[in-house]
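**Student:** When you get a sec, could you give me coordinates for this:
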Amino acid sequence: MSGQSGRMTRCLIVPPHILVRLAAVGDPRIARAAERTLAVGQDLHTRREVRAARSGREAGGLGGTGLLPGDLRERARGPHGSTRAPAQGAAAPAPAPKRSIHDAQQGTTLPGTLVRSEGQAAVADESANEAYDGLGQTFALYAEAYGRNSLDGAGLELVASVHYDRDFDNAFWDGEQMVFGDGDGEYFNSFTDSIDVIGHELTHGFTQFTAGFTYVAQSGALNESVSDVFGSLVKQRALKQTAEQADWLIGDHLFTDKVKGVALRSMKDPGTAYDDPHLGKDPQPADMAGYQDLPHDEQNDNGGVHINSGIPNRAFYLAATGIGGNAWEGAGQIWFDVMTGGGLAKDADFTAFAEATIKAAGARFGAGGDQEDAVRQAWSTVKVLP
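**Tutor:** Numbering: from 1, shown residues only. Here you go, the predicted structure:
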């Protein structure tokens, strides 16, 4: 973005270290695709911040300065603490999504040509239908599990564009809408193929309207981790999987058969998702002993936000399986309470977030209970807390 000052970051589902590797492969088409994808990311964070400021971070937050607002404590609790609407008063109508899917037609002008609106039947374009369904499943998680009306809590329309650019190896939330590339066909498939990718990127919008984590170092890694958490929960809920049944992989349909790997990331076993001669080896650490203290610049992924997110990712996996049952009702509810509670600084580090989740577990499920113990043990295992 010419004329813009300040740090610019790449904030897309595929981390820059993979794209840098692809830009160095011998195939000119793949290299050009990776270079274009990297270039798009260079001004994305700046645009996100401008749009977040325009829309207002507080628009969808639950408000208050404490960790958990009073209305959360008073909500009736279903199995494993799932949020229910207040019992008193007339029942509010159930939130309903407002989706619109557009075709960028291999261009970069957004949003493109409208191809499917809310309530319309499936169309011939598979990517458009996958985007429509993925947006709906993400909306359903937030609305039905947590009582939140869209990403901002106020019914924000969900807009998406498919077929962005040529051979575009990424998907992103730009502060106002979702954008999906088709992949290069050599290493990456279409980015609408993985529902957790859709949930991940939409959750950047949720974070935009709630905690607003600064996209650098540990707060940036929390930003990425929260997107992985709720992206995984979207997939688990759609597949009706418990925490024990889930694969805990992010982007398990993205790689082509050419790649030696199963997904972009593994929340269960960070550092094991791929080991490929072209893409490199998954660099995510599983605990603080492997934390990568990188420079806070774009060349180093803003302090390794896509790398160090493996630590809070594994903490969530351990908490979810430690609590058991449906992860969106247990650990997911706790993480949601923290994100919407208004008690975290935008530059919160892992320790601050860990302590907030322990406190939230006690407030939601009872102090000293099994859920609180599971969350505390999870953060201890990844060596964030003693």
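
**Student:** Can you tell me the element the residue nearest the centre of the chain falls in?
**Tutor:** Nearest to the mean C-alpha position of the chain, counting by Cα atoms, centre = their mean, stands S227 at 1.7 Å. Assessed by DSSP states H and E, S227 sits inside helix 217-239.

**Student:** What's the mean pLDDT across that helix?
**Tutor:** Helix 217-239 shows a mean pLDDT of 98.

**Student:** what angle do the helix or strand hosting F206 and helix 217-239 make?
**Tutor:** Taking DSSP H and E as the criterion, the element that holds F206 is helix 195-209. Put simply, helix 195-209 runs at 130 degrees to helix 217-239, going by axes from the mean of the first three to the mean of the last three Cα atoms, to 10 degrees.

**Student:** Need the pLDDT of E298.
**Tutor:** 83.

**Student:** What separation is there between it and H17?
**Tutor:** Separation of E298 from H17 (Cβ to Cβ, to the nearest Å) stands at 12 Å. For glycine as for every other residue, the C-beta is placed from the backbone atoms N, C-alpha and C.

**Student:** try A154
**Tutor:** For A154, the distance to H17 - Cβ to Cβ - is 36 Å.

**Student:** more neighbours, those two?
**Tutor:** Neighbours per residue (other Cβ atoms under 10 Å) separate A154 from H17, with H17 holding more: 16 against 13.

**Student:** quick one: the strands in the stretch 201-350 of the chain?
**Tutor:** 249-250, 265-266, 275-276, 280-281 (DSSP state E, counting those that start in this stretch).

**Student:** Would you mind finding the most buried of these?
**Tutor:** strand 265-266 (a mean of 29; mean count of other Cβ atoms under 10 Å).

**Student:** one step back: who does the helix holding S227 touch, helix- and strand-wise?
**Tutor:** Contacts defined by 3 or more Cβ pairs under 8 Å, 6 or more residues apart in numbering; DSSP states H and E place helix 217-239 against helix 126-140, helix 195-209, strand 249-250, helix 301-308, helix 310-323, helix 331-340, helix 350-365.

**Student:** repeat that with 6 Å
**Tutor:** On a contact count with 3 or more Cβ pairs under 6 Å, 6 or more residues apart in numbering; DSSP states H and E, helix 217-239 meets helix 126-140, helix 195-209, helix 301-308, helix 310-323.

**Student:** Name the residues that touch stretch 145-161?
**Tutor:** 59-60, 83, 95, 98-102, 104, 110-112, 131, 135, 142, 177-179, 205-206, 209, 328, 336 (Cβ atoms under 6 Å, 6 or more residues apart in numbering).

**Student:** Buried residues, that stretch. List them.
**Tutor:** 145-153, 155-156, 158-161 (16 or more other Cβ atoms under 10 Å).

**Student:** just to revisit the earlier point, a markdown table for the helices and strands packed on helix 217-239, including mean pLDDT, mean neighbour count and distance to D373?
**Tutor:** Shown next, in a markdown table, are the helices and strands packed on helix 217-239 (pLDDT from 0 to 100; neighbours: other Cβ atoms under 10 Å; distance: least, Cβ to Cβ, whole Å):
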| stretch | mean pLDDT | mean neighbour count | distance to D373 |
| --- | --- | --- | --- |
| helix 126-140 | 98 | 22 | 30 |
| helix 195-209 | 97 | 27 | 27 |
| helix 301-308 | 95 | 26 | 25 |
| helix 310-323 | 98 | 27 | 8 |
